[in-house]
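Q: Kindly generate the corresponding structure for this input.
(one chain, ligands or ions: 1)
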Amino acid sequence: MVPTLKFANGDQIPALGLGTWKSDPGEVGAAVKEALRLGYRHFDCAAVYGNEKEIGTALAEAIGSGAVKREELWITSKLWNNAHLKDDVLPALRQTLADLQLDYLDLYLMHWPIAQRPEVSFPEKAADFLSPDEAPLAETWAALEEAADAGLCHHIGVSNFSPRRLQQLLDTARRAPEVNQVESQPLLAQNDLLDLCRKHGVIFTAYSPLGSPDRPARLQRGNDPPLMKAPVIEAIGRKHGITPAQVLLAWAVCRGTVVIPKSVTPARLQENLAAASVELNTEDMAALSALDQDHRFLDGAFWGMDGSPYTMEYLWG
Ligand SMILES: NC(=O)c1ccc[n+]([C@@H]2O[C@H](COP(=O)([O-])OP(=O)(O)OC[C@H]3O[C@@H](n4cnc5c(N)ncnc54)[C@H](OP(=O)(O)O)[C@@H]3O)[C@@H](O)[C@H]2O)c1
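A: Numbers count the residues shown, from 1 in each chain. Model prediction:
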């Protein structure tokens, strides 16, 4: 059984869900169906992943056949950076709902604290961005609050928010963000952010928990450590008879976060789901926590081109 984390209203999110970034059209539908068959109930989606239609078809088939009920599923999606202007938020959410063939999302997240011009899918130059003055995060957030008021999403949250950005939003929001989805794995424990989330009842979701080995080449750096080959992680795996991937996922679940590994490979889907019920002991957890070195596999440097208002300092503080 996958443990769950509780929201203030009693709703429960499964602590392990399926990531879908880079799961290509043509393979993502089969992965979602296989995941459902294995017992996954939580799916992490986003408009910018370009695969919500195929995921929607797989979900509709599963619900239509009676294999699973909508209310047993936890579906998250995310608002892309080019729909931050207040009149663009609801149409973007409605498009995601149409693509996923759903009446509501369980959770809708602001994907990045970054705004792009509406016509720009991925920024290539500084002029492709809207500055924080042109598209204030508070206005985008207010539109997410309206979407939640309208019942289009049951919970709202953010992603890639540093402690400083999260605190700012907590100080001003009418409805507090309920989730912050950020990169986290033992090399990037983000303990300060986790403490802040705990203090305010914000659920912390860890993305790229395996180090995102299939991230695009332009996001890879020569000196990135191969996370799943770290000797400490391999040794803990050998001791428990589990794989390095399972050690990483169990670490995330045991420290009380949600984790969303991506796979399109049936054996790995099964392996990853099983990790949610692995219990690591205090000694294992301490050895993994000692690996923390603030290493991001996805450092957001792609937003920081010359002249961009979104510097690394703005993002991570
Ligand atoms: N909010 C954000 O900005 C943000 C950013 C990044 C990611 N995310 C979310 O987090 C999810 C996970 O992150 P991610 O996709 O970057 O990377 P990840 O889950 O850390 O790694 C995925 C890679 O690991 C492989 N893999 C999966 N299970 C494995 C296992 N048991 N053993 C060995 N290899 C395994 C997958 O291969 P196969 O698929 O070939 O099996 C794939 O190449 C995303 O898919 C997305 O939903 C969100």
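Q: For the ligand, give me its nearest residue in this protein.
A: With C-beta to the nearest ligand atom, the shortest gap between the chain and the ligand falls at residue 19, namely 2.4 Å. For glycine as for every other residue, the C-beta is placed from the backbone atoms N, C-alpha and C.
Q: Relative to residue 279, how far out is that residue?
A: 23 Å (C-beta to C-beta, to the nearest Å).
Q: related to what we said a few turns ago, for beta bridges, what are the partners of the residue of the chain closest to the ligand?
A: residue 44, residue 262 (DSSP bridges).
Q: ok, residue 74 - contacts?
A: 13-14, 17, 41-43, 106-107 (C-beta atoms under 8 Å, 6 or more residues apart in numbering).
Q: Farthest-apart pair in the residues you listed, please.
A: The most widely separated members of those, counting by C-beta to C-beta, are 41 and 107 (13.2 Å).
Q: who has more neighbours, those two?
A: With neighbours defined as other C-beta atoms under 10 Å, residue 41 and residue 107 compare such that residue 107 has more, 25 against 18.
Q: Give me the buried stretch members for stretch 222-238, please.
A: Residues of stretch 222-238 classed as buried: 224, 227-228, 230, 233, 236-237 (neighbour count, 16 or more other C-beta atoms under 10 Å).
Q: Export those to a markdown table and append columns for pLDDT and secondary structure.
A: Formatted as a markdown table, the buried residues of stretch 222-238 follow (pLDDT from 0 to 100; DSSP: H, G, I helix; E, B strand; the rest coil):
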| residue | pLDDT | secondary structure |
| --- | --- | --- |
| 224 | 91 | coil |
| 227 | 96 | helix |
| 228 | 97 | helix |
| 230 | 96 | coil |
| 233 | 98 | helix |
| 236 | 98 | helix |
| 237 | 98 | helix |
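Q: could you dump those to CSV with distance to the ligand?
A: Output for these, formatted as CSV (distance: C-beta to the nearest ligand atom, whole Å):
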residue, distance to the ligand
224, 12
227, 8
228, 6
230, 13
233, 12
236, 15
237, 11
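Q: hmm, back to that, who has more neighbours, residue 19 and residue 279?
A: Taking other C-beta under 10 Å, residue 19 and residue 279 do not tie; residue 19 has more neighbours (22 against 9).
Q: got a pLDDT number for that one?
A: On pLDDT, residue 19 comes in at 99.
Q: was I right about it contacting residue 262?
A: Yes. Using C-beta atoms under 8 Å, residue 19 and residue 262 qualify as a contacting pair, with a distance of 3.3 Å.
Q: so where's the longest helix in the protein?
A: helix 86-100 (DSSP state H).
Q: Do me a favour and average the pLDDT over that one.
A: Model confidence over helix 86-100, given as mean pLDDT, is 98.
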